[in-house]
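J.: here's a sequence, model it:
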Amino acid sequence: MKRSTEFDAGERVRLFDLQRYLSLIDTLYPRFMNQIDRDPDSPTHGSCDRLFWMCRQHDFDSGVLQQAPLALAGLWTLAEKGIAPGGRYFDPAHQVYWRELALGIAQRTAGLLEKNGLLDEYYPGEQSLPGTVFAAYATLKSADVFGFDEIVSHPGLRKAAERLSVRQASPAANQDTAAAAFLALYSKLNHWQPERCREVVGNLLGGIPGAAPFSEYGGGDLGYATVSLNYLAHMLEDQSHDVHAHILELAGFIADFVSPKGGLGGEYASRSTTYFLPYGLVTAARQSEALAAVLGRLDVRSCFERLDDRYLMHYCFPSLVMAVVSLASATLPSTEPATDGIPSEWRVSNHANRGLLSIRNDQSAVFIGLNKGGTFQAETGTETFIDCGYRIRRDGRVYATCVVDENCRAEVASTPDGSTVAVTANFLSYRTLVASPLKTVILRALGFMGPQLNAYFKKRLIQSPIVLDNVKLKRVIKFDARANQMEIEDRIDGMTNNDRLEVSPPVSPRLVPSARFFQQGDVEAFARHSSAAPFQASRVLKLSDLKMH
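T.: Sure thing, here's the model as predicted:
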């Protein structure tokens, strides 16, 4: 007989479904624990970087992975509440062990921070902001839950707070939000520089002046938006800063891009991410019935099925566990979304300030990257179609339209019968960096230049593409609500006789370590790319069956 917390293959795990969450935790628990060096006599005890302590593939802890204590604190809290999944692995009798293991990890992380207040992520001496803020918050929050006073006041966390207290907002809002969450909680628990921290936290949450709220390197991104929302939710629970308005605004943006199948994100968004963190979404849903109706359609299980172990470990599993703690504390009224969560009539949501457009009803959706060459994702309840524009090969370099471009021009016109999107986009190319033994040695030698190297790599690989001069993609997307279809008209100006034009694969050439997870529709899109299909200047996409004509 199937246990009450088990579920059938292919069955959705809705955002508010406590029992299936517990089963999902039970399924993922071994993968999570496998990442941690749990041998108390090991010199690397408490390391959560399996490639370091077990595989010996590099010689330092990737600090961003040190977030496991927060998941362990959540498991411990569930056991305290008497919540048990009745599964194969999760056992509330392990409370003492979880506490001891969390302390060992926290001690290691705080010790690593004691050197200079910053952790490394990809190479020694890097002094990574994301590696530091995510691990530091998890360490501090779990110490507060467990009552580890020696960790709360540890010199390593004090040094991290000192480094973050002079931070300015960056192009990556998810990192800034995590930094704000740590700094606000640290200040509260240690009564440390409250006025200064309040000012810095406000600036970090406010973002870069003139940019859209919670932007990610030039636009809106759904996966990273859930990271920011996750830490806003923690701040709300911590009562460390007033974030209620931020939560409603950011969750409202996310809700406009929930797909019919309960997915979120894709290549059309700025950073191309497709995962999501459920804790912030659950918290936001408590603030608004309208948000709950839409966010309740999200399929948590589909997210976790496609994660690699790195992202399971340091973002998603702790958030999953904290979502369960939240639901166990005050369960939302229904596990099924309201029938009017997404309107049956087509609705257009123009987020031009974030470079995105959403057109959707309760059965179908079209999401368009306005500043990404008109890249789009169309979806019904059964099919997904991904279009990433084109690539041109010239003189050994590949240029693409599926790239965030501050010079991309987009105009949106909407009527009761539909919408028209006109995009003029450049073909852009990013420089590449492929690892090699020699480069690794050089990075070791230049480790003392960590912050300067960080700025250089971000500029080279993320922020400064090369433009293919005088070549433009002019794309017009006409959406007909009455016919339930899209018409795409493309024209490419300025190509030379030696240029080789190709339909783009469903990936952006921009470096995004957290992207390129498997998603529905990408196999078909890769197949279209590999078949060398001829350029089609005009085509129609039927949203009823997603067949191209």
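J.: show me where the stretch 201-350 of the chain dips below the pLDDT cut-off.
T.: Counting by pLDDT under 70, the ranges of the stretch 201-350 of the chain that qualify are 333-343.
J.: which stretches of it form strands?
T.: Using DSSP state E, counting those that start in this stretch, the strands found in the stretch 201-350 of the chain span residues 347-351.
J.: got it, and the chain?
T.: Assigned by DSSP state E, the strands in the chain fall at 347-351, 356-360, 365-369, 376-379, 384-387, 390-394, 397-400, 409-415, 418-429, 466-480, 485-493, 500-503, 538-542, 547-548.
J.: paired strands for the third one, with orientation please.
T.: The pairing partners recorded for strand 365-369 under DSSP bridges are strand 356-360 (antiparallel), strand 376-379 (antiparallel).
J.: can you give me how far the shortest one is from the chain middle?
T.: In terms of CA atoms, centre = their mean, to the nearest Å, the gap separating the centre of strand 376-379 from the centre of its chain is 19 Å.
J.: repeat that for stretch 71-84.
T.: In terms of CA atoms, centre = their mean, the centre of stretch 71-84 is found 25 Å from the chain centre.
J.: and that stretch, C-alpha only, in PDB?
T.: Output of stretch 71-84 as PDB, limited to C-alpha atoms (Å, rounded to 0.1, in the frame of the first residue of the first chain):
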ATOM      1  CA  ALA A  71      17.900  23.000   6.200                       C
ATOM      2  CA  LEU A  72      18.900  21.100   9.300                       C
ATOM      3  CA  ALA A  73      17.400  23.800  11.500                       C
ATOM      4  CA  GLY A  74      14.200  23.400   9.500                       C
ATOM      5  CA  LEU A  75      14.200  19.600   9.900                       C
ATOM      6  CA  TRP A  76      14.800  20.000  13.600                       C
ATOM      7  CA  THR A  77      11.900  22.500  13.800                       C
ATOM      8  CA  LEU A  78       9.600  20.100  12.100                       C
ATOM      9  CA  ALA A  79      10.500  17.400  14.600                       C
ATOM     10  CA  GLU A  80       9.900  19.900  17.400                       C
ATOM     11  CA  LYS A  81       6.400  20.500  16.000                       C
ATOM     12  CA  GLY A  82       5.700  16.800  15.800                       C
ATOM     13  CA  ILE A  83       5.600  16.800  12.000                       C
ATOM     14  CA  ALA A  84       6.800  13.400  10.600                       C
END
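J.: can you give the contact residues for that stretch?
T.: Contacts of stretch 71-84 with the rest of the structure, by CB atoms under 8 Å, 6 or more residues apart in numbering, involve 22, 25, 32, 90-92, 94-95, 98-99, 101-102, 105, 141-142, 145-146, 317-318, 321-322, 324-325, 328-329. To be clear about C-beta, it is placed using only N, CA and C from the backbone, and glycine gets the same treatment.
J.: quick check: buried residues in that stretch?
T.: Neighbour-count burial for stretch 71-84 flags 71-79, 83 (criterion: 16 or more other CB atoms under 10 Å).
J.: relative to Val294, which of those is nearest.
T.: Gly74 (25.5 Å; CB to CB).
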